[in-house]
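**Student:** predicted structure and sequence below. I'll ask about it afterward.
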Amino acid sequence: MQKPNEKAQYKSSNEKGSEMEYHAPITKIVKTGNVRDMHVFNGLIFDTSNRLSAFDGVINVDVPLKGAMLNCISQYNKMLLNNQGFITDYIPVSKNFFTAAGFDAQDVNRLSYAESLTMLPFKFIVSGYLVGSAYKAYAKGISYSGYTFSEGLQKGDKLPEPIVTPAIKEENGHDHPITQDECIEQLALWLRNNSIVPDAEDICKCYNFDFYTFACQMDHDSFDFADYYSSDEDWEYAKYAIAYQYAKDYLKTIYEQCSAIYSILSEHCENAGVMLINTKFEFGLNYNYDVVLANEVATPDYSYFAFPSGYTPNFKILSMDKQIVHDYCKTIGFKGHNNQPIPEISEELLKKISDRYVYIAKLICGEEFVKQYM
């Protein structure tokens with residue numbers, strides 16, 4: 001099916017790779033999360049802060065260089081993918097762009113500029129190894145999110161192909177896993193509710209179709225026209241049928257991109273001496289309704305990494321990210337439940353955390369690239 005060709009919700013006025021004119025300083029944050037703040041400036045400016053989250057709570061101290069290293073890794077990965085022909089929300093600008101927009105010079109290494117998108121309400125977890133919920137399902141002898149695996153695998157084994165599992169982005173910070181079929185259904189409703197797909201009646205008027213003729217054009221999976229062509233609910237059902245078909249097409253594209261992008265980044269990481277066990281991707285639609293990779297890409301906060309030298313089947317992941325904080329919180333009984341007070345973090349632990357972020361950034365991006373963000 002063709003892309004929607006009606007009005008777009010957002011449109012960036014600049015071309016990627018060129019700096020726009022700026023006329024007024026940034027004055028307020030339009031959205032804030034546990035870690036990142038977002039400003040609108042004819043596009044989006046993201047501030048990846050030094051805040052540290054643990055079990056959906058924010059630790060009350062900053063980790064030196066954390067935001068800059070996450071920003072560094074994500075920007076590097078987006079540049080790598082753009083060079084491979086993928087579309088990301090990355091827009092290169094100089095540091096002067098951010099200071100002219102009203103940010104302090106000392107903060108610019110945490111800042112990135114991105115295209116405004118209509119964000120899809122899902123995250124997609126991509127794993128190249130049999131870990132987590134996939135392994136639990138495998139151990140019980142059941143399929144996982146539509147995937148079945150060959151016999152004889154152990155926990156932590158590398159999979160023949162990466163698997164992609166969708167999850168709904170919840171407001172409370174938790175991701176709720178869903179099946180591929182559920183994702184199609186919910187994406188269809190989201191597309192319909194946001195007026196991102198053409199209207200059935202308008203299509204019929206344009207092509208001079210009656211309802212039955214229109215129904216015959218549709219994918220039978222998305223539209224069982226035999227039961228509905230004479231019903232009073234014809235057009236409402238038709239609107240959902242169109243959205244369902246678009247949702248199938250979009251999800252097929254997203255799954256293909258997730259697998260290809262993970263394979264590229266995983267290979268790059270392995271060449272750098274680190275294993276990308278799994279990661280999360282988020283996508284949006286641009287003004288032309290193309291699928292665009294957005295937000296953080298394969299950073300320590302969005303991924304699990306491991307060292308090949310310490311990796312064996314039935315392993316425990318030794319992450320090079322904030323897992324050190326989760327482990328510490330568990331030792332003191334903090335799980336983020338029942339309004340528990342946020343724990344204190346020692347200076348020694350803060351330094352260890354900071355060193356880990358710098359270390360993984362240098363492995364993935366190279367020391368020369370990282371120097372630009374120090």
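**Tutor:** Now that the structure is in, tell me what you want to look at.
**Student:** return the set of buried residues in the longest helix along the chain.
**Tutor:** Of all the segments of type helix in the chain, defined by DSSP state H, the longest one is helix 234-271. Within helix 234-271, the residues that count as buried by 16 or more other C-beta atoms under 10 Å are 234-235, 237-251, 254-255, 257-259, 261-262, 264-266, 268-269. To be clear about C-beta, it is placed using only N, CA and C from the backbone, and glycine gets the same treatment.
**Student:** distance from the chain centre to it, please.
**Tutor:** Distance of helix 234-271 from the chain centroid (C-alpha atoms, centre = their mean, to the nearest Å) equals 13 Å.
**Student:** partner strands of the helix or strand following that helix, with direction?
**Tutor:** Sequence-wise, the next helix or strand downstream of helix 234-271 (DSSP states H and E) is strand 275-285. When pairing is defined by DSSP bridges, strand 275-285 lines up against strand 118-119 (antiparallel), strand 122-129 (antiparallel), strand 291-294 (antiparallel), strand 303-306 (antiparallel).
**Student:** now render these as JSON lines, adding mean neighbour count, mean pLDDT and distance to residue 140.
**Tutor:** Shown next, in JSON lines, are the strands paired with strand 275-285 (neighbours: other C-beta atoms under 10 Å; pLDDT from 0 to 100; distance: least, C-beta to C-beta, whole Å):
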{"stretch": "strand 118-119", "mean neighbour count": "16", "mean pLDDT": "94", "distance to residue 140": "34"}
{"stretch": "strand 122-129", "mean neighbour count": "22", "mean pLDDT": "95", "distance to residue 140": "18"}
{"stretch": "strand 291-294", "mean neighbour count": "22", "mean pLDDT": "96", "distance to residue 140": "33"}
{"stretch": "strand 303-306", "mean neighbour count": "22", "mean pLDDT": "87", "distance to residue 140": "22"}
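**Student:** who are the contact partners of the nearest residue to residue 192 once chain neighbours are set aside?
**Tutor:** Spatial nearest neighbour of residue 192, chain neighbours left out: residue 243 (4.0 Å); criterion: C-beta to C-beta, 6 or more residues apart in numbering. Going by C-beta atoms under 8 Å, 6 or more residues apart in numbering, residue 243 touches 188-189, 191-192, 197.
**Student:** could I get the pLDDT score of residue 243?
**Tutor:** With respect to pLDDT, residue 243 has a value of 83.
**Student:** any idea how far it is from residue 122?
**Tutor:** 15 Å (C-beta to C-beta, to the nearest Å).
**Student:** likewise for residue 191?
**Tutor:** Distance of residue 191 to residue 122, computed by C-beta to C-beta: 12 Å.
**Student:** let's verify residue 195: helix, strand, or coil?
**Tutor:** Here residue 195 is coil, with the state taken from DSSP: H, G, I helix; E, B strand; the rest coil.
**Student:** number of residues surrounding it?
**Tutor:** 12 (other C-beta atoms under 10 Å).
**Student:** quick one: it from residue 31, how far?
**Tutor:** Per C-beta to C-beta, residue 195 is found 22 Å from residue 31.
**Student:** with residue 95 instead?
**Tutor:** Following C-beta to C-beta, the distance that separates residue 95 from residue 31 is 23 Å.
**Student:** over to residue 167?
**Tutor:** Distance from residue 167 to residue 31, by C-beta to C-beta: 20 Å.
**Student:** looking at the two, which is more packed in?
**Tutor:** residue 167 (17 against 11).
**Student:** tell me, what's the model's pLDDT at that one?
**Tutor:** So, for residue 167, pLDDT stands at 93.
**Student:** which residue packs closest to it, ignoring adjacent ones?
**Tutor:** Counting by C-beta to C-beta, 6+ apart, the residue nearest residue 167 is residue 175, at 3.9 Å.
**Student:** got the contact list for that neighbour?
**Tutor:** By C-beta under 8 Å, 6+ apart, the neighbours of residue 175 are 123, 125, 167-169, 280.
**Student:** pull the most distant pair out of those residues.
**Tutor:** Using C-beta to C-beta, the pair of those lying farthest apart is 168 and 280, separated by 12.7 Å.
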